[in-house]
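Colleague: Okay, sequence plus prediction incoming.
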Amino acid sequence: NAGVTQTPKFQVLKTGQSMTLQCAQDMNHEYMSWYRQDPGMGLRLIHYSVGAGITDQGEVPNGYNVSRSTTEDFPLRLLSAAPSQTSVYFCASRMGQLNTEAFFGQGTRLTVV
Amino acid sequence: QQPVQSPQAVILREGEDAVINCSSSKALYSVHWYRQKHGEAPVFLMILLKGGEQKGHDKISASFNEKKQQSSLYLTASQLSYSGTYFCGARGDTGRRALTFGSGTRLQVQP
(Lines give C-alpha, C1' and ligand atoms only; values in the text may rest on other atoms or scores of the structure.)
Protein backbone atom coordinates (compact mmCIF):
# COMPACT_ATOMS: atom_id res chain seq x y z
CA ASN A 1 0.00 0.00 0.00
CA ALA A 2 1.84 3.08 -1.27
CA GLY A 3 -0.39 5.72 0.38
CA VAL A 4 0.37 9.21 -0.95
CA THR A 5 3.21 9.46 -3.46
CA GLN A 6 4.81 12.73 -4.50
CA THR A 7 7.27 13.25 -7.31
CA PRO A 8 9.86 14.59 -7.66
CA LYS A 9 11.46 14.69 -4.20
CA PHE A 10 13.80 17.53 -5.14
CA GLN A 11 13.70 20.11 -7.93
CA VAL A 12 15.64 23.22 -8.89
CA LEU A 13 13.99 25.65 -11.29
CA LYS A 14 15.06 28.88 -12.87
CA THR A 15 12.85 31.93 -12.46
CA GLY A 16 10.12 31.90 -15.09
CA GLN A 17 10.20 28.16 -15.74
CA SER A 18 7.07 26.08 -15.34
CA MET A 19 6.68 22.65 -13.84
CA THR A 20 4.16 20.23 -12.36
CA LEU A 21 4.44 18.58 -8.99
CA GLN A 22 2.78 15.20 -9.03
CA CYS A 23 0.66 13.68 -6.27
CA ALA A 24 -1.07 10.31 -6.39
CA GLN A 25 -2.92 8.32 -3.74
CA ASP A 26 -4.17 4.74 -3.85
CA MET A 27 -6.60 4.86 -0.91
CA ASN A 28 -9.64 6.07 -2.87
CA HIS A 29 -9.71 9.25 -0.79
CA GLU A 30 -12.08 12.01 -1.86
CA TYR A 31 -10.26 14.94 -0.30
CA MET A 32 -6.81 16.00 -1.51
CA SER A 33 -4.87 19.13 -0.64
CA TRP A 34 -1.60 20.89 -1.38
CA TYR A 35 0.35 22.72 1.32
CA ARG A 36 3.58 24.61 1.32
CA GLN A 37 5.84 24.68 4.34
CA ASP A 38 8.18 27.57 5.02
CA PRO A 39 10.25 28.17 8.18
CA GLY A 40 8.10 29.73 10.90
CA MET A 41 4.97 29.68 8.74
CA GLY A 42 3.74 26.17 9.34
CA LEU A 43 1.69 24.44 6.65
CA ARG A 44 -0.23 26.82 4.43
CA LEU A 45 -3.04 25.57 2.24
CA ILE A 46 -2.58 26.28 -1.49
CA HIS A 47 -5.46 24.45 -3.20
CA TYR A 48 -7.70 21.57 -2.33
CA SER A 49 -10.21 19.22 -3.94
CA VAL A 50 -13.24 17.45 -2.50
CA GLY A 51 -13.60 15.06 -5.43
CA ALA A 52 -12.81 14.53 -9.09
CA GLY A 53 -13.63 17.65 -11.08
CA ILE A 54 -13.96 19.88 -8.00
CA THR A 55 -11.20 22.17 -6.79
CA ASP A 56 -11.05 25.29 -4.65
CA GLN A 57 -8.51 27.85 -3.52
CA GLY A 58 -6.80 27.78 -0.18
CA GLU A 59 -4.94 30.50 1.71
CA VAL A 60 -2.07 31.08 -0.74
CA PRO A 61 -3.27 30.09 -4.25
CA ASN A 62 -1.56 32.78 -6.35
CA GLY A 63 0.95 31.41 -8.84
CA TYR A 64 -0.41 27.86 -8.66
CA ASN A 65 -2.98 25.90 -10.66
CA VAL A 66 -4.57 22.53 -9.95
CA SER A 67 -6.95 20.14 -11.61
CA ARG A 68 -8.52 16.86 -10.49
CA SER A 69 -9.47 14.67 -13.42
CA THR A 70 -9.30 11.41 -11.45
CA THR A 71 -9.77 10.43 -7.82
CA GLU A 72 -6.15 9.27 -7.60
CA ASP A 73 -4.22 12.24 -8.98
CA PHE A 74 -3.97 15.88 -7.94
CA PRO A 75 -1.11 17.67 -9.73
CA LEU A 76 0.07 21.15 -8.77
CA ARG A 77 1.29 23.41 -11.57
CA LEU A 78 3.63 26.35 -11.26
CA LEU A 79 3.08 28.45 -14.36
CA SER A 80 6.04 30.84 -14.00
CA ALA A 81 8.25 30.00 -11.04
CA ALA A 82 9.42 32.79 -8.74
CA PRO A 83 12.01 32.71 -5.92
CA SER A 84 9.16 33.28 -3.44
CA GLN A 85 7.90 29.82 -4.37
CA THR A 86 10.99 28.16 -2.93
CA SER A 87 9.51 25.87 -0.31
CA VAL A 88 8.73 22.31 0.69
CA TYR A 89 5.44 21.17 -0.80
CA PHE A 90 3.24 18.51 0.78
CA CYS A 91 0.27 16.76 -0.71
CA ALA A 92 -2.29 15.23 1.66
CA SER A 93 -5.38 13.10 1.24
CA ARG A 94 -8.21 11.88 3.45
CA MET A 95 -11.58 10.24 3.23
CA GLY A 96 -14.58 12.48 2.69
CA GLN A 97 -15.95 12.11 6.19
CA LEU A 98 -15.25 14.98 8.52
CA ASN A 99 -13.48 13.08 11.27
CA THR A 100 -10.76 11.31 9.33
CA GLU A 101 -7.02 11.72 9.47
CA ALA A 102 -4.96 13.24 6.70
CA PHE A 103 -2.17 11.20 5.11
CA PHE A 104 0.78 13.19 3.82
CA GLY A 105 3.20 12.49 1.04
CA GLN A 106 6.93 12.73 1.71
CA GLY A 107 7.18 16.21 0.25
CA THR A 108 8.87 17.93 -2.67
CA ARG A 109 11.68 20.35 -1.91
CA LEU A 110 11.60 23.06 -4.58
CA THR A 111 14.25 25.71 -5.07
CA VAL A 112 13.73 28.56 -7.54
CA VAL A 113 16.88 30.46 -8.47
CA GLN B 1 -7.14 31.96 8.38
CA GLN B 2 -4.56 29.90 10.22
CA PRO B 3 -5.11 28.85 13.83
CA VAL B 4 -2.67 30.33 16.32
CA GLN B 5 -0.36 28.04 18.28
CA SER B 6 1.60 28.71 21.45
CA PRO B 7 4.29 28.45 22.51
CA GLN B 8 6.42 28.57 19.37
CA ALA B 9 9.08 26.38 20.95
CA VAL B 10 9.68 24.48 24.16
CA ILE B 11 12.62 22.53 25.57
CA LEU B 12 11.99 19.77 28.09
CA ARG B 13 13.95 17.21 30.03
CA GLU B 14 12.84 13.60 29.77
CA GLY B 15 9.95 12.96 32.12
CA GLU B 16 8.68 16.55 32.17
CA ASP B 17 5.24 17.61 30.99
CA ALA B 18 4.24 20.15 28.36
CA VAL B 19 1.10 21.80 27.04
CA ILE B 20 0.66 23.16 23.51
CA ASN B 21 -2.26 25.44 22.78
CA CYS B 22 -4.18 26.11 19.58
CA SER B 23 -6.83 28.77 19.11
CA SER B 24 -8.99 29.93 16.25
CA SER B 25 -11.02 33.05 15.53
CA LYS B 26 -13.67 31.06 13.67
CA ALA B 27 -16.14 28.41 14.82
CA LEU B 28 -14.57 25.00 14.54
CA TYR B 29 -16.01 21.60 13.78
CA SER B 30 -12.87 19.63 14.52
CA VAL B 31 -9.25 20.00 15.55
CA HIS B 32 -6.50 17.67 14.35
CA TRP B 33 -3.06 17.24 15.88
CA TYR B 34 0.02 16.11 13.92
CA ARG B 35 3.68 15.65 14.72
CA GLN B 36 6.48 16.15 12.22
CA LYS B 37 10.02 14.88 12.67
CA HIS B 38 12.79 16.79 10.93
CA GLY B 39 12.87 16.05 7.20
CA GLU B 40 9.75 13.89 7.35
CA ALA B 41 6.06 14.28 6.59
CA PRO B 42 3.56 15.19 9.33
CA VAL B 43 2.01 12.18 11.06
CA PHE B 44 -1.48 12.07 12.53
CA LEU B 45 -1.89 11.98 16.33
CA MET B 46 -5.59 12.53 17.02
CA ILE B 47 -8.81 14.30 16.10
CA LEU B 48 -11.16 16.13 18.44
CA LEU B 49 -14.69 16.78 17.31
CA LYS B 50 -17.17 19.40 18.36
CA GLY B 51 -19.15 17.84 21.18
CA GLY B 52 -16.68 15.00 21.50
CA GLU B 53 -14.61 13.68 24.37
CA GLN B 54 -11.07 14.42 25.32
CA LYS B 55 -8.79 12.06 23.40
CA GLY B 56 -5.67 10.24 24.40
CA HIS B 57 -2.81 8.48 22.67
CA ASP B 58 -0.38 6.78 25.05
CA LYS B 59 0.79 9.66 27.27
CA ILE B 60 -0.36 12.33 24.82
CA SER B 61 -3.88 13.66 25.23
CA ALA B 62 -5.86 16.63 24.01
CA SER B 63 -8.97 18.64 24.78
CA PHE B 64 -11.25 20.89 22.76
CA ASN B 65 -13.09 23.86 24.27
CA GLU B 66 -15.81 24.67 21.75
CA LYS B 67 -16.93 27.87 23.43
CA LYS B 68 -13.45 29.34 23.28
CA GLN B 69 -12.50 27.67 19.95
CA GLN B 70 -9.38 26.38 21.63
CA SER B 71 -7.61 23.06 21.83
CA SER B 72 -4.73 21.96 24.02
CA LEU B 73 -2.31 19.07 23.56
CA TYR B 74 -0.90 17.56 26.75
CA LEU B 75 2.36 15.63 26.72
CA THR B 76 2.93 13.75 29.95
CA ALA B 77 6.22 12.30 31.15
CA SER B 78 7.87 13.25 27.86
CA GLN B 79 10.19 10.85 26.06
CA LEU B 80 13.01 11.57 23.62
CA SER B 81 10.78 10.27 20.83
CA TYR B 82 8.33 13.13 21.45
CA SER B 83 10.76 15.62 19.92
CA GLY B 84 9.49 17.25 16.75
CA THR B 85 7.19 19.99 15.56
CA TYR B 86 3.53 19.76 16.54
CA PHE B 87 0.83 21.21 14.34
CA CYS B 88 -2.82 21.74 15.03
CA GLY B 89 -5.14 21.60 12.04
CA ALA B 90 -8.57 23.18 12.15
CA ARG B 91 -11.64 22.43 10.13
CA GLY B 92 -14.26 25.16 10.23
CA ASP B 93 -17.89 24.66 11.07
CA THR B 94 -18.93 26.15 7.72
CA GLY B 95 -17.38 26.98 4.38
CA ARG B 96 -14.02 25.56 3.38
CA ARG B 97 -13.73 21.84 4.12
CA ALA B 98 -9.96 21.58 4.01
CA LEU B 99 -7.73 21.69 7.05
CA THR B 100 -5.78 24.84 7.81
CA PHE B 101 -2.77 24.46 10.08
CA GLY B 102 -1.10 26.57 12.70
CA SER B 103 2.52 27.64 12.42
CA GLY B 104 3.69 24.80 14.66
CA THR B 105 5.33 24.30 18.04
CA ARG B 106 8.87 22.94 18.07
CA LEU B 107 9.35 20.54 20.98
CA GLN B 108 12.79 19.33 21.99
CA VAL B 109 13.16 16.69 24.69
CA GLN B 110 16.63 16.38 26.15
CA PRO B 111 18.07 13.47 28.18
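Modeller: Ah, there it is.
Colleague: What pLDDT is listed against the residue nearest to the spatial centre of chain A?
Modeller: Nearest to the mean C-alpha position of chain A, by CA atoms, centre = their mean, lies A:W34 at 3.0 Å. A:W34 carries a pLDDT value of 97.
Colleague: Kindly report the same for the one 4 residues further on.
Modeller: At A:D38, the pLDDT value in this model is 93.
Colleague: now the residue in chain A sticking out farthest from the centre: how far from A:W34?
Modeller: For chain A, the C-alpha lying farthest from the average C-alpha position belongs to A:N99; by CA atoms, centre = their mean, that distance is 21.2 Å. As for A:N99, its distance to A:W34 is 22 Å (criterion: CB to CB, to the nearest Å). For glycine as for every other residue, the C-beta is placed from the backbone atoms N, C-alpha and C.
Colleague: If we ignore the residues flanking it in sequence, what's nearest the residue nearest to the centre of chain A?
Modeller: Spatial nearest neighbour of A:W34, excluding adjacent residues (CB to CB, 6 or more residues apart in numbering or on different chains): A:I46 at 4.3 Å.
Colleague: returning to what we had before: tell me the secondary structure at the residue farthest from the centre of chain A.
Modeller: Under the three-state scheme (DSSP: H, G, I helix; E, B strand; the rest coil), the conformation of A:N99 reads as coil.
Colleague: what about the residue nearest to B:L99 when sequence neighbours are not counted, how many neighbours?
Modeller: Sequence neighbours aside, B:G89 is the residue nearest to B:L99 in space, at 4.0 Å (criterion: CB to CB, 6+ apart). Neighbourhood size, B:G89 [other CB atoms under 10 Å in any protein chain shown]: 27.
Colleague: Next: A:Y89.
Modeller: For A:Y89, the number of neighbouring residues by other CB under 10 Å comes to 22.
Colleague: coming back round to it: how about the contacts made by the residue nearest to A:W34?
Modeller: Residues in contact with A:I46, defined by CB atoms under 8 Å, 6 or more residues apart in numbering or on different chains, are A:33-36, A:58-61, A:64, A:66, A:76, A:89.
Colleague: lowest-confidence helix or strand of chain B?
Modeller: Among the helices and strands of chain B, strand B:55-57 carries the lowest confidence by mean pLDDT, DSSP states H and E, at a mean of 68.
Colleague: any low-confidence regions in the chain?
Modeller: All of this is about chain A. Counting by pLDDT under 70, the ranges of chain A that qualify are A:1, A:97-98.
Colleague: try again with chain B
Modeller: Filtered on pLDDT under 70, chain B yields the residue ranges B:52-57, B:93-96.
Colleague: the strands in it, which residues?
Modeller: For chain B, the strands defined by DSSP state E occupy B:4-6, B:9-13, B:18-23, B:28-36, B:43-49, B:55-57, B:60-65, B:70-75, B:84-92, B:100-101, B:105-110.
Colleague: who wins for proximity to A:V50 among those?
Modeller: strand B:84-92 (12.3 Å; CB to CB).
Colleague: Partner strands of that closest one and their direction?
Modeller: Paired neighbours of strand B:84-92 in the sheet (DSSP bridges): strand B:28-36 (antiparallel), strand B:100-101 (antiparallel), strand B:105-110 (antiparallel).
Colleague: Now residue 17: closest residue in space, sequence neighbours ignored.
Modeller: You didn't pick a chain, so chain A it is. Of all residues apart from its sequence neighbours, A:A81 sits closest to A:Q17 (CB to CB, 6+ apart), at 5.2 Å.
Colleague: The chain in question should be chain B.
Modeller: Nearest in space to B:D17, with sequence neighbours left out and distances taken as CB to CB, 6+ apart, is B:T76 at 5.3 Å.
Colleague: Before I go, just wanted to say thanks for your time.
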